[in-house]
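*Asks:* test case, fold it:
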Amino acid sequence: MKQQPKLSQTRSGRDNSRQGIVYLVGAGPGDPELLTLKAARLLADADVIVHDGLVSREILDLAPPETRRISVAKQRSKHSVAQGDINALLVAEARKGHVVVRLKGGDPFIFGRGGEEADDCRECGISVEIVPGISAAMGCAAQAKMPLTHRDASSAVSFVAGQCKGLSDQNWSGLAGKGRTLVIYMGVANAGAIVEKLIADGASPDLPVAVLENGTREDFRALRTLLTDLGDLVQREQVKSPALLIVGEVARYGDAENKFQEYAQLAGVIA
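*Replies:* The predicted structure follows:
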């Protein structure tokens, strides 16, 4: 039987002398009903919740009112709390004997910097456990009824970040094309540059693309176009983050506004 760490929890007369622990918990893409049972239980038991800006209010409200909530929300080009400071905060709270839930949108280990936070905790002697969540890619695609793999369209999926440092130096050759699906996180702001990069790396300009905005939330929106039109689509439709870009033949499937032919004519290519 797996031995559970001794936890220190301050509510309900818990023993503060015991060791604290950090849980890196995936909150999923937004819908509270997509939380895992374990994530919901940990929210109820946490002393401190350190959460990202993408975590919905409905999910935070699952924790008792007395639970301390600390926002470390980040915005593009404006990090309110540096990553090193977040790591230090988790360690400091755990050293006080607290049960700390580090709540992240999607999954902690898919562009969530969970690996960095886990490493820092371990290096500081803090027990850490990872609780996976439904990733944005899975949640958004499911709501759009858009399979990321399909026997007739794609047998491979790749995940990339669209705003990482050195975007132009990354090699995406072969990630988008026949029989493949490319899922781009955080790519809305750089959509135009991403189009140029993919085409330069060999992707066809008439490759189908889907934009999935606010996945699993009430204001969800799914749009489809061609790769060459992606940057213009984002501007025309005023797409805002959070949104995913799905590149590949699977973008033809599911529930999404289909304007392939219209945009093909605008762009001068054949859909």
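
*Asks:* report how many residues lie close to L35.
*Replies:* 23 (other Cβ atoms under 10 Å). Where you see a C-beta, it was placed from the backbone N, CA and C, and this is true even at glycine.

*Asks:* how about I199?
*Replies:* Residue crowding around I199 was assessed by other Cβ under 10 Å; the count is 15.

*Asks:* skipping adjacent residues, who's closest to it in space?
*Replies:* Nearest non-adjacent residue to I199, counting by Cβ to Cβ, 6 or more residues apart in numbering: P205, 5.8 Å away.

*Asks:* quick one: low-confidence residue ranges for the stretch 51-200 of the chain.
*Replies:* Across the stretch 51-200 of the chain, the ranges flagged by pLDDT under 70 are 75-79, 164-166.

*Asks:* what do you get if the cut-off is 80, keeping everything else the same?
*Replies:* Confidence mapping of the stretch 51-200 of the chain against pLDDT under 80 gives the ranges 74-80, 163-169.

*Asks:* would you map the strands across the stretch 151-271 of the chain?
*Replies:* 154-161, 179-185, 208-213, 221-226, 243-247, 257-258 (DSSP state E, counting those that start in this stretch).

*Asks:* between those strands, which one is nearest to E33?
*Replies:* Go through the strands of the stretch 151-271 of the chain one by one with Cβ to Cβ and the one that ends up closest to E33 is strand 208-213, at 18.4 Å.

*Asks:* any chance of the strands of the stretch 151-271 of the chain in CSV, with mean neighbour count and distance to E117 too?
*Replies:* Below are these laid out as CSV (neighbours: other Cβ atoms under 10 Å; distance: least, Cβ to Cβ, whole Å):
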stretch, mean neighbour count, distance to E117
strand 154-161, 16, 17
strand 179-185, 23, 18
strand 208-213, 26, 27
strand 221-226, 24, 31
strand 243-247, 27, 23
strand 257-258, 15, 38
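
*Asks:* tell me which of those lies nearest to A137.
*Replies:* Among the strands of the stretch 151-271 of the chain, if distance is taken as Cβ to Cβ, the winner is strand 179-185, at 4.7 Å.

*Asks:* which parts of this structure belong to which domain?
*Replies:* The record's domain split for the chain, according to automatic domain parsing, is 11-134, 137-267.

*Asks:* any chance of the strands of the stretch 151-271 of the chain in CSV with distance to E33 as columns?
*Replies:* As requested, the strands of the stretch 151-271 of the chain are exported to CSV (distance: least, Cβ to Cβ, whole Å):
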stretch, distance to E33
strand 154-161, 24
strand 179-185, 23
strand 208-213, 18
strand 221-226, 20
strand 243-247, 20
strand 257-258, 25
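
*Asks:* quick one: closest of those to D61.
*Replies:* Relative to D61, the nearest member of the strands of the stretch 151-271 of the chain by Cβ to Cβ is strand 208-213, separated by 23.6 Å.

*Asks:* the closest one to strand 243-247, inter-axis angle?
*Replies:* Between the axes of strand 208-213 and strand 243-247, defined by axes from the mean of the first three to the mean of the last three Cα atoms, to 10 degrees, the angle is 170 degrees.

*Asks:* sweet, I'm off.
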